[in-house]
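> Provide a 3D model corresponding to the input given below.
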Amino acid sequence: MISLSTRAADRVSHFLAERGRGLGLRLGVKKTGCNGYAYVIDYADEEQPGDLRFESQGVAIFVDPDSLPMLEGTQVDFVKDGLNEAFRFRNPNTRGECGCGESFNV
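Have a look, this model is predicted:
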(Lines give C-alpha, C1' and ligand atoms only; values in the text may rest on other atoms or scores of the structure.)
Protein backbone atom coordinates (compact mmCIF):
# COMPACT_ATOMS: atom_id res chain seq x y z
CA MET A 1 0.00 0.00 0.00
CA ILE A 2 1.15 3.52 -0.79
CA SER A 3 -0.61 6.42 0.89
CA LEU A 4 -0.84 10.19 0.80
CA SER A 5 -1.10 12.52 3.76
CA THR A 6 -4.05 14.90 3.73
CA ARG A 7 -1.71 17.74 2.68
CA ALA A 8 -0.25 15.71 -0.21
CA ALA A 9 -3.69 14.61 -1.39
CA ASP A 10 -4.95 18.20 -1.27
CA ARG A 11 -1.93 19.39 -3.27
CA VAL A 12 -2.30 16.69 -5.95
CA SER A 13 -6.06 17.28 -6.23
CA HIS A 14 -5.46 21.03 -6.57
CA PHE A 15 -2.90 20.57 -9.36
CA LEU A 16 -5.05 18.02 -11.20
CA ALA A 17 -7.97 20.47 -11.09
CA GLU A 18 -5.73 23.29 -12.39
CA ARG A 19 -4.50 21.09 -15.23
CA GLY A 20 -8.05 20.07 -16.11
CA ARG A 21 -7.02 16.48 -16.79
CA GLY A 22 -5.32 13.48 -15.24
CA LEU A 23 -6.27 10.30 -13.46
CA GLY A 24 -4.07 10.79 -10.42
CA LEU A 25 -0.45 10.58 -9.34
CA ARG A 26 2.29 8.41 -10.86
CA LEU A 27 5.01 7.36 -8.43
CA GLY A 28 8.14 5.38 -9.23
CA VAL A 29 11.88 5.15 -8.74
CA LYS A 30 14.86 5.40 -11.06
CA LYS A 31 18.52 4.54 -10.64
CA THR A 32 20.43 7.75 -10.04
CA GLY A 33 22.05 9.94 -7.43
CA CYS A 34 24.77 9.30 -4.94
CA ASN A 35 22.78 6.65 -3.07
CA GLY A 36 21.34 4.52 -5.87
CA TYR A 37 17.68 5.49 -6.41
CA ALA A 38 15.58 8.62 -6.69
CA TYR A 39 11.84 9.09 -6.48
CA VAL A 40 9.96 9.97 -9.66
CA ILE A 41 6.65 11.72 -9.23
CA ASP A 42 4.38 12.90 -12.04
CA TYR A 43 0.77 13.11 -13.12
CA ALA A 44 -0.87 9.95 -14.40
CA ASP A 45 -2.76 10.87 -17.54
CA GLU A 46 -3.46 7.25 -18.44
CA GLU A 47 -3.03 3.85 -16.90
CA GLN A 48 -0.02 1.97 -18.27
CA PRO A 49 -0.02 -1.81 -18.83
CA GLY A 50 1.00 -3.52 -15.60
CA ASP A 51 0.38 -0.47 -13.41
CA LEU A 52 -0.70 -1.13 -9.85
CA ARG A 53 -3.36 1.27 -8.64
CA PHE A 54 -3.81 2.46 -5.07
CA GLU A 55 -6.37 4.89 -3.71
CA SER A 56 -5.54 7.26 -0.85
CA GLN A 57 -7.49 10.27 0.40
CA GLY A 58 -9.58 10.19 -2.80
CA VAL A 59 -6.51 10.30 -5.09
CA ALA A 60 -5.48 7.46 -7.41
CA ILE A 61 -1.79 6.49 -7.23
CA PHE A 62 -0.23 4.50 -10.09
CA VAL A 63 3.00 2.53 -9.60
CA ASP A 64 4.88 0.38 -12.07
CA PRO A 65 5.53 -3.19 -10.84
CA ASP A 66 9.35 -2.77 -10.85
CA SER A 67 9.14 0.20 -8.45
CA LEU A 68 6.64 -1.33 -6.03
CA PRO A 69 9.13 -3.40 -3.95
CA MET A 70 11.08 -0.22 -3.16
CA LEU A 71 7.95 1.85 -2.47
CA GLU A 72 5.72 -0.59 -0.57
CA GLY A 73 4.46 1.07 2.61
CA THR A 74 5.58 4.58 1.62
CA GLN A 75 3.61 7.59 2.76
CA VAL A 76 3.91 10.73 0.65
CA ASP A 77 3.58 14.05 2.48
CA PHE A 78 3.69 17.64 1.26
CA VAL A 79 5.61 20.13 3.37
CA LYS A 80 6.25 23.85 3.26
CA ASP A 81 9.33 25.31 4.90
CA GLY A 82 9.55 29.05 4.36
CA LEU A 83 9.56 29.59 0.62
CA ASN A 84 10.39 25.94 -0.08
CA GLU A 85 7.71 23.36 -0.65
CA ALA A 86 8.12 19.74 -1.69
CA PHE A 87 6.78 16.25 -1.49
CA ARG A 88 8.50 14.16 1.21
CA PHE A 89 8.61 10.41 1.31
CA ARG A 90 8.40 8.28 4.45
CA ASN A 91 9.65 5.01 3.04
CA PRO A 92 10.13 2.07 5.44
CA ASN A 93 12.30 0.26 2.88
CA THR A 94 15.20 2.72 2.79
CA ARG A 95 18.47 1.81 4.44
CA GLY A 96 20.02 5.21 3.86
CA GLU A 97 19.58 8.55 2.14
CA CYS A 98 21.98 11.11 0.80
CA GLY A 99 22.45 14.34 2.72
CA CYS A 100 20.30 16.37 0.34
CA GLY A 101 17.45 13.83 0.49
CA GLU A 102 17.33 13.41 -3.28
CA SER A 103 18.38 9.76 -3.41
CA PHE A 104 18.14 6.64 -1.26
CA ASN A 105 19.22 3.01 -1.11
CA VAL A 106 17.36 -0.14 -0.15
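
> what packs against whichever strand or helix holds residue 38?
Using DSSP states H and E, the element containing residue 38 is strand 36-44. The contact analysis (3 or more CB pairs under 8 Å, 6 or more residues apart in numbering; DSSP states H and E) places strand 36-44 against helix 6-19, strand 24-32, strand 84-90, strand 104-105. Backbone N, C-alpha and C define where each C-beta goes, glycine included.

> mind redoing it with 10 Å?
For strand 36-44, the elements it packs on are helix 6-19, strand 24-32, strand 59-63, helix 68-71, strand 84-90, strand 104-105, judged by 3 or more CB pairs under 10 Å, 6 or more residues apart in numbering; DSSP states H and E.

> which neighbours does the third one have in its sheet, and in what orientation?
It stands for strand 59-63. strand 24-32 (parallel), strand 52-56 (antiparallel) (DSSP bridges).

> tell me the mean pLDDT for the first one?
Averaging pLDDT along strand 24-32 yields 91.

> and that strand with helix 6-19, angle?
Note on geometry: by axes from the mean of the first three to the mean of the last three CA atoms, to 10 degrees, strand 24-32 and helix 6-19 are set 110 degrees apart in direction.

> give me the buried positions along strand 24-32.
24-29 (16 or more other CB atoms under 10 Å).

> and what of the shortest one?
Going by neighbour count (16+ other CB under 10 Å), the buried part of strand 52-56 is 54, 56.

> from the chain's centroid, how far away is that strand?
11 Å (CA atoms, centre = their mean, to the nearest Å).

> what's near enough to touch the residue most central in space within the chain?
Most central in the chain under CA atoms, centre = their mean is residue 27, positioned 4.2 Å from the mean C-alpha point. By CB atoms under 10 Å, 6 or more residues apart in numbering, the contact set of residue 27 is 2, 4, 39-42, 44, 54, 61-64, 67-68, 71, 74, 76, 87, 89.

> quick one on the thing from earlier: take the strands paired with strand 59-63 and lay them out in a markdown table including distance to residue 80.
Listed next are the strands paired with strand 59-63 as a markdown table, based on distance: least, CB to CB, whole Å:
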| stretch | distance to residue 80 |
| --- | --- |
| strand 24-32 | 19 |
| strand 52-56 | 20 |
